[in-house]
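[1] need a 3D model of the sequence below.
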Amino acid sequence: MTSTIPSFHTIEPSDVNQLMPIENACHGAPWSENTFKSCIGGRYFSQYINKDNKAIGFYVGEYVAGEATLMNICVEPSQQGNGFGKVLLLQFLTEAKKQGSSKVFLEVRASNFAAQMLYINQGFTEIDRRIAYYPSVKGFGYEDAIVMQTKL
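    Alright, predicted model coming up:
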């Protein structure tokens, strides 16, 4: 089977069904389908990446008053480690700039070192910490969020 070049597509409400398995596989406390759908359109911008006619990852961003926030980014676990997280992040940054953003923010779990390195390598720096922000993936307690920012 030949591999096709990955392509980006704007997320529509009808796409959420195919993206929820990725969301559920990537997060210990995933968004609900309703939350996901509420982050489509309006001030939100989002895309998913297709490879071999299958969704393998997505991002959801929010644009307000010259600033963008990366709300969610996921890559299908079987595709992680192949550079798709970086491709999605770069696409998000490109779209944030097109929207008119001069600053971009995100939050990342303190334990997610791979994501932190991805963000640091794209110019993000830690600007704050939200204590006990995320529910623990172990099912009890909470985990800190690191707030990061970059300028476009």
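[2] next SSE downstream of the top helix by length along the chain?
    Identified as the longest helix of the chain according to DSSP state H is helix 84-99. The first helix or strand that comes after helix 84-99 along the chain, using DSSP states H and E, is strand 103-109.
[3] need the mean per-residue confidence for the longest helix of the chain.
    Averaging pLDDT along helix 84-99 yields 96.
[4] elements contacting that helix?
    Helices and strands in packing contact with helix 84-99 are listed as strand 44-51, strand 54-64, strand 67-75, helix 113-121; criterion 3 or more CB pairs under 8 Å, 6 or more residues apart in numbering; DSSP states H and E. Placement of C-beta: from N, CA and C, glycine included.
[5] between those, which gets nearest to Met148?
    Nearest of the helices and strands packed on helix 84-99 to Met148, taken as CB to CB: helix 113-121 at 5.4 Å.
[6] which parts of the closest one are buried?
    Burial within helix 113-121, assessed by neighbour count using 16 or more other CB atoms under 10 Å, is assigned to Ala115, Gln116, Leu118, Tyr119.
[7] determine which two of these are furthest apart.
    By the measure CB to CB, the buried residues of helix 113-121 have their two most distant members at Gln116 and Leu118, which lie 7.2 Å apart.
[8] wait, Val104 sits on Met71?
    No. When contacts are counted by CB atoms under 8 Å, Val104 is not listed as touching Met71 (11.4 Å).
[9] out of those two, which sits in the busier spot?
    The residue with more neighbours, out of Val104 and Met71, is Val104; 25 against 19, by other CB atoms under 10 Å.
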